[in-house]
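In: Here is a sequence together with a model predicted from it:
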Amino acid sequence: MRKRGDKWLLVILSIVGVWMSVQLFGSGAPVEAAAVRIEVDGKLFETIEVTASVQFVEIPGYQGHNVLEISTAGVKMIEADCPDKLCLAMKRIHHRNEKIVCLPNRVFVEMVDHEEEGGGIDAVVQ
């Protein structure tokens with residue numbers, strides 16, 4: 001015989017389970033940022049606009065190379081010569097300021113709004 005509290009506990013656990021699944025596997029949301037900024041060893045390698053077509057970018061790294069897949073579904077590292085391959089386990093990124101990092105190859109990938117290069121005028125003081 002089940003008690004009323006058991007039913008509430010089951011409902012709460014079900015809601016938490018669904019929420020964790022969405023967080024773990026992603027919502028499949030389309031890309032919100034407009035460009036991908038790629039740096040190698042602290043220097044800008046390339047800034048690529050996100051387009052409707054799937055793009056594959058080969059990035060020469062410090063110890064090897066990485067291959068990045070860019071599409072409206074998100075950005076994902078799909079190949080890497082690094083020894084630990086942690087960058088391949090990182091989830092697909094969709095939103096501005098989300099990052100993928102490959103430390104051994106010194107590759108840094110970030111979602112940005114269009115071509116954010118910085119160095120522009122922040123304010124004018126009179």
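Out: Noted; the coordinates are in hand. Numbering: from 1, shown residues only.

In: Let me see the backbone angles for residue 89.
Out: phi -80, psi -10 (degrees, to the nearest 10).

In: Quickly list what residue 69 is bridged to.
Out: Counting by DSSP bridges, residue 69 forms beta bridges with residue 56, residue 76.

In: burial measure for it, as a count.
Out: Residue 69 has 16 neighbouring residues, counting by other CB atoms under 10 Å. (Each C-beta comes from the backbone N, C-alpha and C, glycine too.)

In: correct me, but it touches residue 56?
Out: Yes - using CB atoms under 8 Å, residue 69 is in contact with residue 56, at 5.8 Å.

In: list residues touching both of the two?
Out: Common contact partners of residue 69 and residue 56 (CB atoms under 8 Å, 6 or more residues apart in numbering): residue 78.

In: ok, residue 68 - contacts?
Out: 36, 38, 56-57, 59, 75-78, 100, 109.

In: What's the PyMOL line that selects buried ones from the residues you listed?
Out: A single PyMOL command selects the buried members of the contacts of residue 68 (16 or more other CB atoms under 10 Å):
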select buried, resi 36+38+57+59+75+76+77+100+109
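
In: ok, residues contacting the lengthiest helix in the chain?
Out: Taking DSSP state H as the criterion, the chain has its longest helix at helix 4-25. Helix 4-25 has contacts (CB under 8 Å, 6+ apart) with no other residue.

In: Pull out the buried residues from stretch 51-70.
Out: 57, 59, 61, 64, 66, 68-70.

In: In the protein, mark out all the strands, start to finish.
Out: Assigned by DSSP state E, the chain shows strands spanning 35-40, 43-49, 55-60, 65-71, 74-80, 99-102, 107-112.

In: and these as TSV, adding distance to residue 12?
Out: Conversion of the strands of the chain to TSV gives the following (distance: least, CB to CB, whole Å):
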stretch	distance to residue 12
strand 35-40	39
strand 43-49	44
strand 55-60	43
strand 65-71	37
strand 74-80	31
strand 99-102	33
strand 107-112	34
